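Participant: Fold the following.
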Amino acid sequence: MKIAVIGGAGYIGSHTVRELLDCGHEVAVFDNLSSGLTQNLFPEASFFKGDILNVASLHQFLSDFKPQGIVHLAAFKAAGESMIAPEKYSVNNITGSLNIINEAVACGVSYFVFSSSAAVYGTPEYMPIDENHPINPENYYGYTKFAIEGFLSWYDKLKGMKFAALRYFNAAGYDVQGRITGLEKNPANLIPLVMEAITGKRAELLVFGNDYNTPDGTGVRDYVHVNDLAIGHSMAFDQLQKTNESFIVNLGVQQGTSVLDVIKAAEKISGKKVPYRIVERRLGDTDSVIADPTKASKSMGWKAKYSDLDTLIKTTWHAYEANK
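Facilitator: From the prediction side, this is the model:
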């Protein structure tokens, strides 16, 4: 299949491109390189530098490449920032996504795979969280993801473009074969922040609260390896082609890992101490967030292969070592 990956030079995007190429797809990348990196591009995939807010450049790209499928990964994703600068997230995540969707329909795209998020659920009412869990995003970023799922549902009904919305839990790790080592420009997630503390890029790691109702008092999250996420995108296209039915699934591992678990594993694997300090909780952080990925397993045969804590930490450490 010819697949356009919007945001394909970014962290998850580059891993997805690599997986799609490995599966024999013809891939083209569209990215403005605001957070993506040229070192994360592959010669087998053509590259078009453009912005999703520029409809003309999107139209030119899709008209020239003529993809059957699109992966949309071109969103801002810092939950905290979205609460301070909702205008920024409205323009990029909402307007930009509508630009992609409209141009996809105009150019005859059949299948649309969307990078959604567990942030749509908000504070868990029960765990593990399945796709029937109430939708109650607690940050504007999560709201934008749910809104885009809604747009895609309407476009399925009105225009017949089939979509898969993949609700990621906590993406982590780097390519298990070491083919991708370009580091995120402004990481906000725990594991890269731990690496920055180990390597001296930041003075210390801030641990937000140690009085949660968890075994060691620190927050527990469901971490899924980026290679497993990339495989999920490829499987989503297979499922869309097979059934011609849109669907929404969680991608997680149904296993919780605490902040202190991550720190201890990083110290063991790197052989270095993580300088950290316990500070006050952040507003909106919950004790635990754990996925139920049963639907993804049953519907498209997806199962995490690389998401054990050792692999998550080792592959990230190797990427940071490669950037010394």
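Participant: Identify the residues contacting Val226.
Facilitator: Tyr11, Ile12, His15, Ala171, Ala172, Gly173, Tyr174, Asp175 (Cβ atoms under 8 Å, 6 or more residues apart in numbering). C-beta: built from backbone N, CA, C; applies to glycine.
Participant: Look up phi and psi at the third one.
Facilitator: Spelled out, it's His15. phi -70, psi -40 (degrees, to the nearest 10).
Participant: how long is stretch 120-131 from one end to the other?
Facilitator: End-to-end distance for stretch 120-131, by Cα to Cα, to the nearest Å: 10 Å.
Participant: residues of it that come out buried?
Facilitator: Val120, Tyr121, Gly122, Pro124, Met127, Pro128, Ile129, Glu131 (16 or more other Cβ atoms under 10 Å).
Participant: what's the answer for stretch 309-318, then?
Facilitator: Buried positions in stretch 309-318, judged by neighbour count with 16+ other Cβ under 10 Å: Leu309, Thr311, Leu312, Ile313, Lys314, Thr315, Thr316, Trp317, His318.
Participant: average pLDDT across that stretch?
Facilitator: Averaged across stretch 309-318, pLDDT comes to 98.
Participant: same check, this time on stretch 252-263
Facilitator: On average, stretch 252-263 scores 97.
Participant: Domain map for this protein?
Facilitator: Per automatic domain parsing, the structural domains of the chain span 2-172+222-251, 190-221+254-322.
Participant: Nearest to Gly182, out of the ones you listed?
Facilitator: domain 2-172+222-251 (3.9 Å; Cβ to Cβ).
Participant: tell me how far the ends of the closest one are from each other?
Facilitator: Using Cα to Cα, first and last residues of domain 2-172+222-251 are 24 Å apart.
Participant: where do the strands sit along the stretch 151-300 of the chain?
Facilitator: Using DSSP state E, counting those that start in this stretch, the strands of the stretch 151-300 of the chain run over residues 162-168, 170-172, 205-208, 220-221, 223-225, 247-251, 257-258, 276-279, 288-289.
Participant: Tabulate these in JSON lines, adding columns for distance to Gln39.
Facilitator: Formatted as JSON lines, those follow (distance: least, Cβ to Cβ, whole Å):
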{"stretch": "strand 162-168", "distance to Gln39": "23"}
{"stretch": "strand 170-172", "distance to Gln39": "19"}
{"stretch": "strand 205-208", "distance to Gln39": "26"}
{"stretch": "strand 220-221", "distance to Gln39": "28"}
{"stretch": "strand 223-225", "distance to Gln39": "21"}
{"stretch": "strand 247-251", "distance to Gln39": "26"}
{"stretch": "strand 257-258", "distance to Gln39": "29"}
{"stretch": "strand 276-279", "distance to Gln39": "30"}
{"stretch": "strand 288-289", "distance to Gln39": "32"}
